[in-house]
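Student: With the sequence up front, the predicted model follows.
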Amino acid sequence: MQLNPTANSTRITIETGDLDVGDLVLWVPECINTNTGTCAVYPVGFWHGSSRKLHQMIPVETSIGPGNCPKIDVTTFECCGIRVPTDNPVEWRTHVVAEGDHVDFTIELTNLGNTPLQKAAAAICLKFLKASWWSDETTFACVDGEAVSIMQLGREAGRPNMFQAYLLKDQSFDHIFFREFWGFNAHRIDRALWISENSKAGVCVGIQSNTAYFIHSNKDNPCTDMMLAFGDIAGGKSAKATGTVLRRKGAAREQMMSMG
């Protein structure tokens, strides 16, 4: 797999070289949130490196970019009619490395404020391009040790908009936009892992992390996303979170069990 950065953004196209999978877009990150507010959204930046290794620094000055979630005053963002409190300013460094059948990413987030960030988080989006095979029926999370499809989990919480979030069993997150717009599903997830399966080709695409508050998905913009967890970050301090995108041969249930 190779990395193709998108100019003036935090997005990277992962060129899989596999027609059965198609290319993927990794948005790393789409926004920075906390338990109750937002620090940054649609950031703008430049990538440096090669098709195998990329890095990026996002300063506070470009941490808020254009899009459908404007900052309407110094204390408030607004998205889809929902007003979200602003939280402390932040900056971060992102490293992305492609090796073999996987892509690893790391974000080091710094709290530039004087007060702690409570449950600092980075929204990661993995979008499927030209993947007619992707569906709720073929995308799985791990629940009680079993691979369970989005179709089985459902998308009943929040607004009737095909968005849905699924909290990990030991986590909570009180952000108003994710609570009201996305909705937190009644089912709890064992760990931060999505696996999407093209059963005809016998190949899977997954995204996983050891540190996340919840995973989420938008059916109409086919993607498997997660909210990376940094924990609480004191003023002036930094924390790291990591994740992996992978492509593997085999069935989703087999891959999920092999990943523990």
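Tutor: Happy to help now that I have it.
Student: Please count neighbours and contacts with C-alpha atoms only from this point.
Tutor: Noted.
Student: so how far is the longest helix anywhere in the chain from its chain's centroid?
Tutor: If you go by DSSP state H, the chain has its longest helix at helix 252-258. Distance, stretch centre to chain centre, for helix 252-258: 21 Å (CA atoms, centre = their mean, to the nearest Å).
Student: which residues does the residue most central in space within the chain contact?
Tutor: The centre of the chain sits closest to residue 124, judged by CA atoms, centre = their mean, with a distance of 1.9 Å. By CA atoms under 8 Å, 6 or more residues apart in numbering, the residues touching residue 124 are 26-31, 225-228.
Student: ok, now with 6 Å
Tutor: 27-29, 225-226 (CA atoms under 6 Å, 6 or more residues apart in numbering).
Student: How about residue 43?
Tutor: 62-65.
Student: hmm, which of those are the buried ones?
Tutor: Among these, those classed as buried by 16 or more other CA atoms under 10 Å are 62-65.
Student: now these in TSV, with pLDDT?
Tutor: Formatted as TSV, these follow (pLDDT from 0 to 100):
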residue	pLDDT
62	97
63	97
64	96
65	95
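Student: Contact partners for residue 170?
Tutor: Residue 170 touches nothing, counting by CA under 6 Å, 6+ apart.
Student: measure it to residue 43 for me?
Tutor: Residue 170 sits 30 Å away from residue 43, going by CA to CA, to the nearest Å.
Student: same deal with residue 18?
Tutor: 30 Å.
Student: before we move on, what about residue 86?
Tutor: According to CA to CA, residue 86 stands 15 Å off from residue 43.
Student: repeat for residue 132
Tutor: With CA to CA as the criterion, residue 132 and residue 43 are 29 Å apart.
Student: same question, residue 241
Tutor: With CA to CA as the criterion, residue 241 and residue 43 are 18 Å apart.
Student: Equivalent analysis for residue 180, please.
Tutor: 23 Å.
Student: Export stretch 237-251 to CSV, keeping only CA atoms.
Tutor: Extracted in CSV, the C-alpha atoms of stretch 237-251 (Å, rounded to 0.1, in the frame of the first residue of the first chain):
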residue,chain,number,x,y,z
LYS,A,237,1.2,18.7,28.2
SER,A,238,1.0,16.2,25.4
ALA,A,239,-0.3,12.7,24.8
LYS,A,240,-0.1,10.1,22.0
ALA,A,241,-2.7,7.8,20.4
THR,A,242,-2.1,5.2,17.6
GLY,A,243,-4.1,3.1,15.2
THR,A,244,-3.7,0.8,12.2
VAL,A,245,-5.5,0.3,8.8
LEU,A,246,-5.0,-3.2,7.5
ARG,A,247,-5.8,-5.3,4.4
ARG,A,248,-5.9,-9.1,4.8
LYS,A,249,-7.1,-12.2,3.0
GLY,A,250,-9.8,-14.3,4.5
ALA,A,251,-13.2,-13.8,6.2
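Student: who touches it?
Tutor: 101-111, 202-209, 230.
Student: what does stretch 65-75 give?
Tutor: 42-44, 77-79, 85-86.
Student: Now the residue nearest to the centre of the chain: which helix or strand?
Tutor: strand 117-128 (DSSP states H and E).
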